[in-house]
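K.L.:
pasting the structure only:
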């Protein structure tokens, strides 16, 4: 399978713990995006990378959130000191050109207890 | 801030019937319009990306039209089948958006056998 993959698919954690999610994009795609989707809403943009450079961060991304794409391939999204409001589906997508189609992974569903 | 709206939020369709639903967006800040299909427990699947006023795209029994002057897009499903049951998301890329997607809330379609 050469699509976008995400790991883990599900994560349950206690409030205050740190969590890290991984996204592996389609190999030739230079753009990588993170979105968050809460129940009943469409996905909301969090941040995106072109190669290893993080070009934009949403105001939704508090200081507890950090994303990296160190070698321009896979990316990680870390949430520190999780809160119950962080419970959501975290989606990763990758693309080639602008305004090329973005291809999504299956998401990581986070539940903070 | 881009405001993308989809209607209806949900609809039930009898197998074999055709249906359509709407995505509306601010016409003054348009770059590209994307449609996705999202089935439960799967990745959102890219259907179309449209950039030009009057664009029409087709994929099997699904088609989409775009009117950038009045700020709307329609998605049509012809002869609905149970496998068409999914949430259909539209997303906008604005002129200064850096290719990030701003999603509507989705239309949840349930096709009844």
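P.N.:
Received the coordinates, thanks. Everything quoted here is computed from the prediction, not taken from an experiment. Numbering: from 1, shown residues only, chains lettered A, B, ... in the order given.
K.L.:
what residues does stretch B:22-36 touch?
P.N.:
For stretch B:22-36, the surrounding residues in contact (Cβ atoms under 8 Å, 6 or more residues apart in numbering or on different chains) are A:99, A:101-102, A:104, B:2-7, B:44-51, B:64, B:66, B:68-75, B:88-97, B:101, B:104. C-beta: built from backbone N, CA, C; applies to glycine.
K.L.:
buried subset of those?
P.N.:
Taking 16 or more other Cβ atoms under 10 Å in any protein chain shown as the criterion, what is buried in the contacts of stretch B:22-36 is A:99, A:101-102, A:104, B:2, B:4, B:6, B:44, B:46-50, B:64, B:66, B:68, B:71-73, B:75, B:88-94, B:97, B:101, B:104.
K.L.:
what helix or strand does residue B:20 sit in?
P.N.:
strand B:19-24 (DSSP states H and E).
K.L.:
buried stuff in that strand?
P.N.:
B:19, B:21, B:23-24.
K.L.:
now flag whichever of the residues you listed is closest to chain A.
P.N.:
Nearest to chain A among the buried residues of strand B:19-24 is residue B:23, at 10.6 Å by Cβ to the nearest Cβ.
K.L.:
list the contacts of the residue lying closest to that closest one once chain neighbours are set aside.
P.N.:
Leaving aside its sequence neighbours, residue B:23 sits nearest to residue B:90 (Cβ to Cβ, 6 or more residues apart in numbering or on different chains; 3.5 Å). Residue B:90 makes contact with B:4, B:6, B:23, B:25, B:33-36, B:73, B:75, B:103-104 under the criterion Cβ under 8 Å, 6+ apart.
K.L.:
the residue in chain A that chain B sits nearest to sits in which helix or strand?
P.N.:
Closest contact between chain A and chain B, by Cβ to the nearest Cβ, is at residue A:42 (3.2 Å). For residue A:42, there is no enclosing helix or strand under DSSP H and E.
K.L.:
hmm, residue B:101 and it touching each other?
P.N.:
No. Residue A:42 is beyond contact range of residue B:101, at 9.1 Å (criterion: Cβ atoms under 8 Å).
K.L.:
can you list the low-confidence ranges for chain A?
P.N.:
A:1, A:97-99 (pLDDT under 70).
K.L.:
what does it put close to chain B?
P.N.:
Residues of chain A lying near chain B by Cβ under 8 Å from any Cβ of the partner chain: A:3-4, A:31, A:33, A:35, A:40-45, A:48, A:55-56, A:91, A:93, A:95, A:98-107.
K.L.:
tell me where the chain has strands.
P.N.:
Here I'm looking at chain A. Per DSSP state E, chain A carries strands over the ranges A:5-7, A:10-13, A:19-24, A:31-37, A:44-50, A:53-57, A:65-68, A:75-79, A:88-95, A:103-104, A:108-112.
K.L.:
oops, wrong one, chain B.
P.N.:
B:5-7, B:10-14, B:19-24, B:32-38, B:45-50, B:56-59, B:62-67, B:72-77, B:86-93, B:102-103, B:107-112.
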